[in-house]
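Trainee: sequence unknown, structure follows:
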């Protein structure tokens, strides 16, 4: 099942707060990925904070992205706002 990301907010300690097209809000921890290519290129908080949504997933400058399925499957639900 493909679930598009519709919004992203960066948080301290390399966390992403995500909203998916199905209305779910989830938090994804990027820290386990930051030692691997290509995500090691966004391992500084300043670069990490350049995250934005494009074509249904989270992207960074330099053609770095992450599969929306990974973002969904490896994230934890956030409570209601």
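Mentor: Thanks, I have the structure now. This is a predicted model, so every value here is computed, not measured.

Trainee: Grab the nearest non-local neighbour of residue 67.
Mentor: residue 57 (6.6 Å; Cβ to Cβ, 6 or more residues apart in numbering). Glycine gets a C-beta too; all of them are placed from N, C-alpha and C.

Trainee: Report how many residues lie close to that neighbour.
Mentor: 19 (other Cβ atoms under 10 Å).

Trainee: repeat for residue 21
Mentor: If we define neighbours as other Cβ under 10 Å, then residue 21 has 12 of them.

Trainee: Show the contacting residues for it.
Mentor: By Cβ atoms under 8 Å, 6 or more residues apart in numbering, the contact set of residue 21 is 3-6, 56.

Trainee: May I have the phi/psi pair for it?
Mentor: phi -60, psi -30 (degrees, to the nearest 10).

Trainee: Give me the contact list for the longest helix anywhere in the chain.
Mentor: In the chain, taking DSSP state H as the definition, the longest helix is helix 68-73. Here helix 68-73 makes contact (Cβ under 8 Å, 6+ apart) with 2-5, 16, 18, 20, 24, 26, 28, 56-58.

Trainee: So what's the gap between it and the chain middle?
Mentor: Offset of helix 68-73 from its chain centre (Cα atoms, centre = their mean, to the nearest Å): 9 Å.

Trainee: can you check stretch 28-37 too?
Mentor: For stretch 28-37, the distance to the chain centre is 10 Å (Cα atoms, centre = their mean).

Trainee: Tell me where the chain has strands.
Mentor: 5-11, 15-20, 25-29, 52-54, 57-60, 64-66, 76-77 (DSSP state E).

Trainee: a markdown table please, covering these and showing distance to residue 39 and mean pLDDT.
Mentor: A markdown table is the format used below for these (distance: least, Cβ to Cβ, whole Å; pLDDT from 0 to 100):
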| stretch | distance to residue 39 | mean pLDDT |
| --- | --- | --- |
| strand 5-11 | 14 | 97 |
| strand 15-20 | 12 | 97 |
| strand 25-29 | 12 | 97 |
| strand 52-54 | 15 | 97 |
| strand 57-60 | 9 | 97 |
| strand 64-66 | 7 | 95 |
| strand 76-77 | 19 | 96 |
